[in-house]
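From the sequence below, what's the structure:
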Amino acid sequence: MPTGNQEYIRDMNRSLVLEAIVNHAPISRADLSKMLHLTKATISNIVQELIDRELVLEVGSGDAPMGRKPILLTFHNRCGYVVSVDFGVKRTAIMTSDPLGRSCEVHEYPSQTNQPLMEHLIALLHQTISALPDSPYGVLGISVGIYGVVCDDTVLFTPYYDLKYSNIRNLLEEEFHVPVIVENEANLSVIGESAFGQNYRNMIFLNIHEGVGMGILVNGQLYKGQNGYAGEFGHTILFPDGRPCPCGNKGCLEQYISESAVLKGFANGHGKSSATIDEFLWACSQEDPSAQKALHDFIHYTAVSLNTILHTFNPDIIVLNSSFTNYIPGLLDQITASVQNRLRWYLHVVPSQLQDVSVLLGGVCMCTTRFLGIRELHLHRNSSAQVCAHTAQTVRT
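Numbers count the residues shown, from 1 in each chain. Have a look, this model is predicted:
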């Protein structure tokens, strides 16, 4: 009978082999042995176990200069499905995906209905899961991205909807009997961008939407602080005694650079109470004075924010996700130029490659790594996983 130490080593080796197959497929047993410095017998035994568990497939032969051609291995990407939720303030997006995010479908629904928020979400998840095809493992996990502070799967603070102190994980696990991950949306975004887009060890993801969130990777690990409040960058004070914020403070950054704040400033310039983002984008293209003023303020305050991030964290890269930078040509270059004027070193700011699905793909990544027991999920930047951001079928209800 194997000892506890032997079982630990066997489990660790199994995780290493599976992680290598997931991230480097198609790959042969011989190449796995060389990569992981494990004996061929150990590799063969582990691979056979993974095949028996329907996690790995043999997919033909590789090239060889002489002798037998090696049999190639790949991860069984149809072993199950992940359900990922972007629980937004105005809309809820639900993605169903294979474990590697290669085949995705996204449905969008209004967040605010006559039902209580959690009842509405549970009904949507039942509807989503019932439509999934059969698979060996079924639903591998559910992730939920929350626009607020989350600590140990408990929601501590949400400025724009009432979920405070909700243990969403326990509620959903009791309902669906699958593992559930509840996480801040910006944290999921930085995980998604790292796994499916930018493979940097020290990265900041700045998400500008209804609010402003920041995901932080330090040495490849998500940094959340003592109680999950790290990254609540939108609630740093830009102007003491400035505009009131739903968090209870005044002058918070997101009251100046969030999409809702910019649109409100544009609407006020036209004597209106509100404006849509399409109206704002069209006005920008027409060089409307109110739109230009709102855009100038956005550039200025966003540049100040990036300057603060750079001097605080000194990351390898900053990924910026905003509808404004995504749809207004040259806007990110203007922001970068404004920041660079204040710096003595090179600035690396890029747009999000995943955009609206960064939260969802981050959830897929976290569910998959937890289910498989692997540490990291890194796919090639040009792989079909990245294409999911652009080809996911979106249905708005």
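
pretty sure D86 is in a strand, no?
Yes: membership of D86 in a strand is supported by DSSP: H, G, I helix; E, B strand; the rest coil.

Mind splitting this protein into its structural domains?
Listed by automatic domain parsing, the domain ranges of the chain are 4-75, 81-192+356-396, 198-352.

So which bits of stretch 360-379 are buried?
360-369, 371-372, 374, 377-379 (16 or more other CB atoms under 10 Å). Quick note: C-beta positions are derived from backbone N, CA and C, even for glycine.

Which pair of the residues you listed spans the longest distance?
L360 and I374 (19.9 Å; CB to CB).

Report the secondary structure state of T74.
Under the three-state scheme (three-state DSSP), T74 adopts strand.

wait, it sits on P26?
Yes: the pair T74 / P26 is scored as a contact, 5.1 Å apart, by CB atoms under 8 Å.

what residues are shared contacts of the two?
Common contacts of T74 and P26 (CB atoms under 8 Å, 6 or more residues apart in numbering): V59.

If you average pLDDT per helix and strand, which one of the protein comes out bottom?
One helix or strand of the chain scores below all others by mean pLDDT, DSSP states H and E: helix 384-391, with a mean of 46.

Run through the stretch 251-397 of the chain and note the low-pLDDT ranges.
Across the stretch 251-397 of the chain, residues meeting the criterion (pLDDT under 70) sit at 344, 380-397.

mind checking pLDDT for the spatially closest residue to F75 that is not a sequence neighbour?
Taking CB to CB, 6 or more residues apart in numbering as the measure, F75 lies nearest to V22, with 4.7 Å between them; neighbours along the chain are not counted. Here the pLDDT value assigned to V22 is 94.

The one 10 residues further on now?
Among the per-residue scores, L32 holds a pLDDT of 96.

ok so it is a strand residue?
No: using three-state DSSP, the secondary structure at L32 is helix, not a strand.

where are the low-confidence patches of the stretch 51-200 of the chain?
Across the stretch 51-200 of the chain, the ranges flagged by pLDDT under 70 are 62-67, 164-165.

And the helices in it, which stretches?
Remark: helices assigned in the stretch 51-200 of the chain by DSSP state H, counting those that start in this stretch are 117-130, 168-176, 185-196.

Tell me which of the ones you listed is the most buried.
helix 185-196 (a mean of 28; mean count of other CB atoms under 10 Å).

Also compute the angle for the helix or strand that that helix is followed by relative to helix 185-196, please.
Moving toward the C-terminus from helix 185-196, the next helix or strand (DSSP states H and E) is strand 203-208. With axes from the mean of the first three to the mean of the last three CA atoms, to 10 degrees as the basis, strand 203-208 and helix 185-196 are set at 130 degrees to each other.

can you list contacts of strand 203-208?
So strand 203-208 is contacted by 185-186, 189-190, 193-194, 212-217, 233, 257-259, 302, 305-306, 309, 313, 315-322, 324, 352, 358 (CB under 8 Å, 6+ apart).

likewise stretch 280-294?
Under CB under 8 Å, 6+ apart, the answer for stretch 280-294 is 262-263, 265-266, 268-270, 295, 327-328.

tell me which of those is nearest to L57?
Nearest to L57 among the contacts of stretch 280-294: Y327, at 40.7 Å, using CB to CB.

Distance check, the nearest residue to D11 once chain neighbours are set aside against I94.
Nearest residue to D11 in three dimensions, chain neighbours excluded: G373, at 7.8 Å (CB to CB, 6+ apart). To I94, G373 is 25 Å away according to CB to CB, to the nearest Å.

Sticking with H296, tell me its helix or strand.
In this structure, H296 is located in helix 289-313 according to DSSP H and E.

Can you tell me what sits against the helix or strand just after that helix?
Sequence-wise, the next helix or strand downstream of helix 289-313 (DSSP H and E) is strand 317-322. With contacts defined as CB under 8 Å, 6+ apart, strand 317-322 is touched by 189-190, 193, 197-198, 200, 202-209, 259, 302, 306, 309-310, 332, 335, 348-352, 354-355, 358.

let's see 7 Å
Contact with strand 317-322 is made by 189, 193, 198, 200, 203-208, 306, 309, 332, 348-352, 355, 358, as judged by CB atoms under 7 Å, 6 or more residues apart in numbering.

again with stretch 191-202
Stretch 191-202 is contacted from outside by 101, 203, 205, 217-220, 222, 315-317, 319, 352-354, 358-359, 361-362, 365-366, 377-379, 381, 385-386, using CB under 7 Å, 6+ apart.
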